[in-house]
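In: model this:
(one chain, ligands or ions: 2)
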Amino acid sequence: MVRLFCQTKMNALAATNRNFKLASRLLGLDSKLEKSLLIPFREIKVECTLPKDDGTLVSYVGFRIQHDNARGPMKGGIRYHPEVDPDEVNALAQLMTWKTAVANIPYGGAKGGIGCNPGELSISELERLTRVFTQKIHDLIGIHTDVPAPDMGTDPQTMAWILDEYSKFHGYSPAVVTGKPIDLGGSLGRDAATGRGVLFATEALLNDQGKSIAGQRFVIQGFGNVGSWAAQLIHEAGGKVVAVSDVSGAIKDKNGIDIPSLIKHVKEHKGVKGFSGANAIEGSSILVEDCDILIPAALGGVINRENAKDIKAKYIIEAANHPTDPEADEILSKKGVIILPDIFANSGGVTVSYFEWVQNIQGFMWDEEKVNAELKKYIQQGFKDVKEMCKTHNCDLRMGAFTLGLNRVARATVLRGWEA
Ligand SMILES: NC(=O)C1=CN([C@@H]2O[C@H](COP(=O)(O)OP(=O)(O)OC[C@H]3O[C@@H](n4cnc5c(N)ncnc54)[C@H](O)[C@@H]3O)[C@@H](O)[C@H]2O)C=CC1
Ligand SMILES: O=C(O)CCC(=O)C(=O)O
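Out: Ligands and ions are numbered 1, 2, ... in the order given. Reported below is the predicted structural model:
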């Protein structure tokens, strides 16, 4: 197995390919088809020169990996983070292909990113960098080819800049990105959608186990778009969020953190650090804190062979992409921990992105009630479909989701005549 950066964390692409191969074996896919599904459709790597506010020039590397388009336009977020590298973006693009298929929305998969630290750039530097990146990729994305969206370190404002820059070349095209500000054709409910999807997915799993959200103790790693919305909605549903972390630090209160007050604090102080309503703890201990349900909502590979044995949660809901290494999967499975995999658990974001794209193409805006009700239907159906695959292949939820996604993409690929 290939490992980079540290001994404990597996390379993201090696981990994703391993899950792909296991699922492909369960489905008995033909080896030529397997190879065609694994190799990305197109890999784009561009140099982006940023004129900084002080007049100096800095070079960044940007990526857009377009993994597969058998089921429709490629779809996936754009990440700004110092650890963005081609293997990670490749893995994330591949995961998008299986995720859109699990959600049963008419898309393929892609992902992009720039290896930068957005926290160290001013707003005008972020705008210039986003525009330069868009200039480099504008002829390879499009409403019916590849539709970006926000991911870690990017937000609706980033999408507005991409939309504006793209429109200079192709005419006004709101449907070229999703996760836009509402004033530019964004969908009501998209901002909360990944967190809301995490709530619906958790409810589906707990219902299946004869349980409910109320009274369960949650720990959440990451308090950005996904983590903070998940925390808020879980809090409203009667769940007790007992510990939270972000890049600034970690906090804990076994009686349950007052999430609305924490959200206010984070808006003012840019992080959970210093929140007076809970005790500070070591960020490194967050994943092994005592709880019923652990929600990683930050980086990949955080649950690995080093810490898996110490995890106390009975359930892990993967709000982040690929937070769990296959080695940790094995350890956790032996401990009886149930994992709701990323390609299902965090599919609420891309599902509402699909609703946004549909609204843009139709030129007709839905109300938020409709968006949330449709999202619930998709997540509940997705859970049923994943469980069905678990039954058919006698496998866990991750392999249930992978076999579901792979099977749908393989069928579309064959129907389109891939051997011609
Ligand atoms: N935004 C979306 O719609 C979707 C996001 N995701 C995934 O969810 C995860 C989070 O994404 P967003 O919330 O959008 O990003 P974000 O940029 O809004 O928030 C990221 C959060 O992670 C925290 N963080 C970063 N490094 C950390 C560390 N070492 N320890 C603890 N916390 C750390 C940051 O402080 C921040 O609170 C990512 O894995 C992303 O790929 C998945 C599906 C959709
Ligand atoms: O909303 C989208 O199109 C993609 C979101 C995303 O990047 C993800 O699900 O990981």
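
In: can we go C-alpha only for contacts and neighbour counts from here?
Out: Fine.

In: List, one by one, the residues from the stretch 301-420 of the chain near ligand 1.
Out: Ala319, Ala320, Asn321, Asn346, Gly349 (CA under 6 Å from any ligand atom).

In: my bad, should have said the chain
Out: Counting by CA under 6 Å from any ligand atom, the chain sits next to ligand 1 at 150-153, 194, 221-227, 245-247, 297-299, 319-321, 346, 349.

In: which of the residues you listed are close to ligand 2?
Out: With CA under 6 Å from any ligand atom as the criterion, those include Asp151, Gly349 near ligand 2.

In: which of the residues of the chain next to ligand 1 are buried?
Out: Neighbour counting over these (16 or more other CA atoms under 10 Å) leaves 150-153, 194, 221-227, 245-246, 297-299, 319-321, 346, 349 as the buried ones.

In: In helices only, show me these.
Out: Counting by DSSP state H, the part of those found in helices is Thr194, Asn225, Val226, Gly227, Gly349.

In: Taking the residues you listed, tell me the two that lie furthest apart.
Out: Gly227 and Gly349 (12.5 Å; CA to CA).

In: Now do the SS call for the nearest residue to Leu206 once chain neighbours are set aside.
Out: Taking CA to CA, 6 or more residues apart in numbering, and ignoring the residues beside it in sequence, Leu206 has Ser212 as its nearest neighbour in space, at 5.5 Å. At Ser212, secondary structure determined by DSSP: H, G, I helix; E, B strand; the rest coil is coil.

In: Ser212 against Phe200, yeah?
Out: No. With contacts counted by CA atoms under 8 Å, Ser212 stays clear of Phe200, the gap being 11.1 Å.

In: So the two - more neighbours on which side?
Out: Phe200 (24 against 17; other CA atoms under 10 Å).

In: my read is that one is in a helix, agree?
Out: Yes. Under three-state DSSP, Phe200 sits within a helix.

In: For His322, give me phi and psi.
Out: Phi and psi for His322, reported as degrees, to the nearest 10, are phi 40, psi 50.

In: Asp342 is in contact with that one, correct?
Out: Yes. With contacts counted by CA under 8 Å, His322 reaches Asp342, the gap being 6.4 Å.

In: Which one's more surrounded, those two?
Out: Legend: neighbour count by other CA under 10 Å for His322 and Asp342, higher for His322 (26 against 23).

In: ok, for that one, nearest residue in space, not its chain neighbours?
Out: Gly300 (5.0 Å).

In: and the one you found, what is it in contact with?
Out: Shown in contact with Gly300 (CA atoms under 8 Å, 6 or more residues apart in numbering): Ala12, Ala320, Asn321, His322, Pro323, Thr324.

In: Same question for Gly239.
Out: Taking CA under 8 Å, 6+ apart, one finds Ile213, Ala214, Gly215, Gln216, Arg217, Phe218 in contact with Gly239.

In: redo that, cut-off 6 Å
Out: Ile213, Ala214, Gly215, Gln216 (CA atoms under 6 Å, 6 or more residues apart in numbering).

In: Phi and psi next, for the residue lying closest to it once chain neighbours are set aside.
Out: Leaving aside its chain neighbours, Gly239 sits nearest to Ala214 (4.7 Å; criterion: CA to CA, 6+ apart). With angles defined as degrees, to the nearest 10, Ala214 sits at phi -50, psi 130.

In: Please spell out the segments of the chain that come in under the pLDDT threshold.
Out: By pLDDT under 70, the weakly predicted segments of the chain are 1-7, 419-420.

In: in the stretch 51-200 of the chain, what residue is nearest ligand 2?
Out: Residue of the stretch 51-200 of the chain nearest ligand 2, by CA to the nearest ligand atom: Gly77 (3.3 Å).

In: distance of that residue from Lys334?
Out: Separation of Gly77 from Lys334 (CA to CA, to the nearest Å): 33 Å.

In: neighbour count winner among these two?
Out: Gly77 (27 against 10).

In: where's the more buried one, which helix or strand?
Out: strand 74-80 (DSSP states H and E).

In: for that strand, packing partners?
Out: strand 109-114, strand 146-150 (3 or more CA pairs under 6 Å, 6 or more residues apart in numbering; DSSP states H and E).

In: Next, the angle from the helix or strand just after the first one to strand 109-114.
Out: Which is strand 109-114. With elements assigned by DSSP H and E, the helix or strand that comes after strand 109-114 is helix 123-137. Angle of helix 123-137 versus strand 109-114, following axes from the mean of the first three to the mean of the last three CA atoms, to 10 degrees, is 130 degrees.

In: For helix 123-137, list the C-alpha coordinates in CSV.
Out: Provided in CSV are the C-alpha atoms of helix 123-137 (Å, rounded to 0.1, in the frame of the first residue of the first chain):
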residue,chain,number,x,y,z
ILE,A,123,-10.5,38.7,-0.4
SER,A,124,-9.1,40.4,-3.4
GLU,A,125,-6.3,37.9,-3.7
LEU,A,126,-8.8,35.1,-3.5
GLU,A,127,-10.9,36.7,-6.2
ARG,A,128,-7.9,37.1,-8.5
LEU,A,129,-6.7,33.6,-7.9
THR,A,130,-10.2,32.2,-8.7
ARG,A,131,-10.5,34.2,-11.8
VAL,A,132,-7.0,33.1,-13.1
PHE,A,133,-8.0,29.4,-12.4
THR,A,134,-11.3,29.9,-14.2
GLN,A,135,-9.5,31.4,-17.2
LYS,A,136,-7.3,28.3,-17.4
ILE,A,137,-10.2,25.8,-17.3
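
In: What are the contacting residues of it?
Out: Counting by CA under 6 Å, 6+ apart, residues outside helix 123-137 touching it are Cys48, Leu50, Ile162, Glu165.

In: Now that helix: buried residues?
Out: Quick answer for helix 123-137 (16+ other CA under 10 Å): Glu125, Leu126, Glu127, Arg128, Leu129, Thr130, Arg131, Val132, Phe133, Thr134, Gln135, Ile137.

In: and those as a markdown table, adding distance to ligand 2?
Out: Converted to a markdown table, these look like this (distance: CA to the nearest ligand atom, whole Å):
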| residue | distance to ligand 2 |
| --- | --- |
| Glu125 | 23 |
| Leu126 | 19 |
| Glu127 | 20 |
| Arg128 | 22 |
| Leu129 | 19 |
| Thr130 | 17 |
| Arg131 | 19 |
| Val132 | 21 |
| Phe133 | 17 |
| Thr134 | 16 |
| Gln135 | 20 |
| Ile137 | 17 |
